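Novice: Task: produce atomic coordinates for the following.
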Amino acid sequence: MKFTKIGLVSLFSLFSVTLAFGQGTPAPQGGGQPVEVSANTLQSGRYNGEEVRRLLGNVVMRQGQTTLTSDSAYQYVSDRNKLEVFSNVHITQPGMDATSTTASYDGTRRIATMRGNVTLRDEQMTLTTPSLDYDLNAKRAYYTTTGNIVGPDYTINSQLGTYTSDDKVLTFKKNIKYVGQNAEVLSDTMSYNTVTKVVEFFGPTTIKSPDGTLRANRGTYNTVTRESNFRGNASIKTPDYLIKGETLTYDKAKEYYTASRNVSMTAIKDTAIITGQTALYWRAQGRAKVFGSPVMRTIEKRDTMYLSADTLVSVENVKDKTKKGKLYAYHDVRIFKSDLQGLCDSLTYDQNDSVIYMNRNPRLWANKNQMTADSVVLQLRGNTLDQMRMYGNSFAISIDTLENYNQVKGRNMIARFADGKIRRIDVNGNGESLYFALQGDTATMGMNRAVCSDMRLMFEEGKVQTITFLEQPDAKLIPPHELEEPDTRLKGFVWRSDEKPTRAFVLAKRGAKKAAAKATGTQVPATTTKAAAKGNRASAEASVKPEPRSTGPQTQPSSPKPASPPPAKKRAVGFGSGFKKGS
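Specialist: Numbers count the residues shown, from 1 in each chain. Below is the predicted model of the structure:
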């Protein structure tokens, strides 16, 4: 490259020379102001095939409020608003300055292309990058070869980035990492306002903070207040829950979360999962409320218990985090498990003690056994039913191989289970029983009917083997040929097989007609008249009336826990060939 030194070198060395537009030079395009340049030395020559003026030593370029300095520069003769600038490049304008190794400057478009160790500063932050394009009119800088931004209390790294100094907004793409005092943000596309301190993201993003780990596809996060608004596969993982939903908000001041649309809350310390359409979580109180067809799933030993209701409320044990909390369900509660199904109006589930308290018209099915009472307490062991305590108007029904209905009723009952199968029932107060004696599994030998205050029934493979009467019983065996329909039912008998919930019914969307998802079955009423049958079917969906009827058990205040039966004369009844005398 050849350069010719101009004769007035001594003049340039004594004072700066202003190089403005000479005669024959076309006016700058785009309305740009003239570029005024001064230097110690001026040489002429050619660069990239074009005639240029070579400026050496203390180069200063001014255009309006913009000043550019460097060690040397080339000014194109054909367009004196364009310069190639070299060594110790420094561009300043009000509120911003930038430095680099080299730069190209188009004064008409007012765009500087800076290369090599670029640093851009304003009062809010410092940006470093290998290369940078800066639009001085829009006061917008953008880089495409990775950049690092350092603010008063944060750093941001990304592959691509744009900064507009007027509105103080940084926009980033690819491999973004924000690190602040309260959070670390990893994202694909996001913006950051250096004044409001709000991060807005437009692609898959992960935010790690003392409040938990948040993930979403879209949303905003205030790095100061830690308020969050997320949408698109949003989730937050706290020490207690993993909360998911299509939208999710978090208010740090109130320690309050909300999630909506396809919500799930997974307990970290156990295997319980609650799903629904809306969830509210008060973290400081350890209280969560889920509605919109909510379902709780508890998984253990290859079996899952499903529990649904109109509303589910989970309350953590905030005093002792090592212990599990409680679940409250209301109304229209439904339960399904492989060996247990149930319905009631409301319940409380003490997850730490594995105890379920069922209230208002509870109905339960365990294999071929149906049990009802005013209130029921279930004791689980390893997520399997271990004991069932029934209080007030207790009634148990089982069906044998010949489809006879074996029945026992009393004031209170305790049923005990092993491996999910009923093993024993203790009746305390007002006991009545009605059981069929079979010859093998092929013929009915008769029906044992007894009235006794307290009694005990023993089962094997779901079949009654013996009944022990703990008080003097009034009992009789009725031969098959003397049996009549009214005699085969105890008062209050209703076989509710059509109410027995299926898994699909428990998981069904709320609001639909209840019958739509129920299992098909036959309800056997206490009498066979059509009117009575109609009344019994209606009772399956209604609250039980105070007066006892054939529509089901009465609803009254729960009785206290029954005391142990007093010692008395015992009489055992077997079911192989009628009555057997016992001690």
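Novice: Tell me the secondary structure at Val506.
Specialist: helix (DSSP: H, G, I helix; E, B strand; the rest coil).
Novice: and it, how far is that from Leu56?
Specialist: From Val506 across to Leu56, the span is 86 Å (CB to CB, to the nearest Å). Where C-beta positions appear, they are placed from N, C-alpha and C, glycine not excepted.
Novice: neighbour-wise, which of these two wins?
Specialist: Val506 (22 against 17; other CB atoms under 10 Å).
Novice: quick one, what contacts the more buried one?
Specialist: Applying CB atoms under 8 Å, 6 or more residues apart in numbering to Val506 gives the contacts 295, 306-308, 334-336.
Novice: what would these look like in TSV with neighbour count, secondary structure and distance to Thr205?
Specialist: Shown next, in TSV, are the contacts of Val506 (neighbours: other CB atoms under 10 Å; DSSP: H, G, I helix; E, B strand; the rest coil; distance: CB to CB, whole Å):
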residue	neighbour count	secondary structure	distance to Thr205
Val295	21	strand	29
Tyr306	18	strand	33
Leu307	24	strand	34
Ser308	25	strand	33
Arg334	24	strand	38
Ile335	27	strand	39
Phe336	22	strand	38
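Novice: would JSON lines of those with pLDDT and distance to Leu214 be doable?
Specialist: Formatted as JSON lines, the contacts of Val506 follow (pLDDT from 0 to 100; distance: CB to CB, whole Å):
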{"residue": "Val295", "pLDDT": "96", "distance to Leu214": "24"}
{"residue": "Tyr306", "pLDDT": "94", "distance to Leu214": "29"}
{"residue": "Leu307", "pLDDT": "95", "distance to Leu214": "28"}
{"residue": "Ser308", "pLDDT": "96", "distance to Leu214": "28"}
{"residue": "Arg334", "pLDDT": "96", "distance to Leu214": "33"}
{"residue": "Ile335", "pLDDT": "95", "distance to Leu214": "33"}
{"residue": "Phe336", "pLDDT": "94", "distance to Leu214": "33"}
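Novice: For Ala284, what is the enclosing helix or strand?
Specialist: For Ala284, there is no helix or strand it lies in under DSSP states H and E.
Novice: Now do the strands in the stretch 1-150 of the chain.
Specialist: Secondary structure of the stretch 1-150 of the chain, counting by DSSP state E, counting those that start in this stretch: strands at 3-5, 36-38, 41-47, 50-63, 66-76, 82-93, 96-106, 111-121, 126-135, 140-143, 147-150.
Novice: Tell me how many other residues surround Asp441.
Specialist: Using other CB under 10 Å, Asp441 is surrounded by 9 other residues.
Novice: Sketch out the low-pLDDT regions of this protein for me.
Specialist: For the chain, the stretches flagged by pLDDT under 70 are 1-32, 512-583.
Novice: so how many other residues sit close to Gly511?
Specialist: As a burial measure, Gly511 scores 8 neighbours (other CB under 10 Å).
Novice: contacting residues for it?
Specialist: Ser293.
Novice: Double-check that it belongs to a helix.
Specialist: No: counting by three-state DSSP, Gly511 is located in no helix; its state is coil.
Novice: Just the C-alphas of stretch 359-374, formatted as CSV.
Specialist: Below are the C-alpha coordinates for stretch 359-374, written out as CSV (Å, rounded to 0.1, in the frame of the first residue of the first chain):
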residue,chain,number,x,y,z
ASN,A,359,-67.3,-37.9,57.6
ARG,A,360,-70.9,-37.6,56.5
ASN,A,361,-72.3,-40.7,54.8
PRO,A,362,-69.1,-42.7,54.3
ARG,A,363,-69.4,-45.8,52.2
LEU,A,364,-66.5,-48.3,51.7
TRP,A,365,-65.8,-51.4,49.7
ALA,A,366,-63.0,-53.8,50.4
ASN,A,367,-63.0,-56.6,47.8
LYS,A,368,-66.5,-58.2,48.2
ASN,A,369,-67.3,-56.4,51.5
GLN,A,370,-69.3,-53.2,51.8
MET,A,371,-69.2,-51.1,55.0
THR,A,372,-71.2,-48.0,56.0
ALA,A,373,-71.5,-45.9,59.2
ASP,A,374,-72.1,-42.3,60.4
